[in-house]
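Novice: Predicted structure and sequence below. I'll ask about it afterward.
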Amino acid sequence: MNNQIIIDASNTVLGRLASYVAKQALLGKSVIILNCDDVLITGNRKNIYLEYRTNVTRGGSGLKGPKIPRKSTERYVKRTVRGMLSHKQQRGRDALNRIRCYSQIPQEYVQSSKTTLPRQISHASLKLSELLREA
């Protein structure tokens, strides 16, 4: 169990969470992220929505364009972590396979001890679940 990290991602900034998870996965640890619905994206709400919409609609058809998850918060978090890994090389693929994301807390992890990352933001933020629901 020493090789496994369980992270409670509620009220955690997405970029800081993703960089920490990517580094731990590259070090060979299995990382489980819980409460992906409550991850925060910092910045101006209007700019966040605008950037998300342009990323989703860019590329024409859904067959070739960028694969941006539209509904699932856990897939969005994992995609963000993938952007911080060299996923086209074997080391990055193995690290990505060691990461599991859940939108809430599954029954098997209710009693386990969880790690939380510090939340030190002083400006506006938006929950990931709000972004995917309203955009």
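Specialist: Arrived safely. Residues are numbered from 1 along each chain as shown.
Novice: just the strands in the chain please.
Specialist: 4-8, 30-34, 40-42, 99-101, 125-127 (DSSP state E).
Novice: Work out the sheet partners of the last one and label each with its direction, please.
Specialist: To tie it back to what came earlier, the one meant is strand 125-127. Here strand 125-127 has these sheet partners by DSSP bridges: strand 40-42 (antiparallel).
Novice: that older thread, which stretch among the strands of the chain approaches residue 116 most closely?
Specialist: Closest approach to residue 116 among these (CB to CB): strand 4-8, 5.1 Å. The way it works is simple: take the backbone N, C-alpha and C, and place the C-beta from them, glycine included.
Novice: what about residue 111, how many neighbours?
Specialist: By other CB atoms under 10 Å, the residues close to residue 111 number 6.
Novice: Give the phi and psi angles for it, as a check.
Specialist: Residue 111 adopts backbone torsions of phi -90, psi -10, taken as degrees, to the nearest 10.
Novice: Next one, pLDDT for it please.
Specialist: Note for residue 111: predicted pLDDT of 92.
Novice: likewise the one 5 residues further on?
Specialist: Residue 116 carries a pLDDT score of 88 in this model.
Novice: Where among the strands of the chain is average confidence lowest?
Specialist: Among these, strand 125-127 scores lowest, with a mean of 85.
Novice: chain center to it: distance?
Specialist: Centroid displacement of strand 125-127 relative to its chain, using CA atoms, centre = their mean, to the nearest Å, is 13 Å.
Novice: now do stretch 112-119
Specialist: The answer for stretch 112-119 is 15 Å, by CA atoms, centre = their mean.
Novice: swap in stretch 7-25?
Specialist: Per CA atoms, centre = their mean, the centroid offset for stretch 7-25 relative to its chain is 7 Å.
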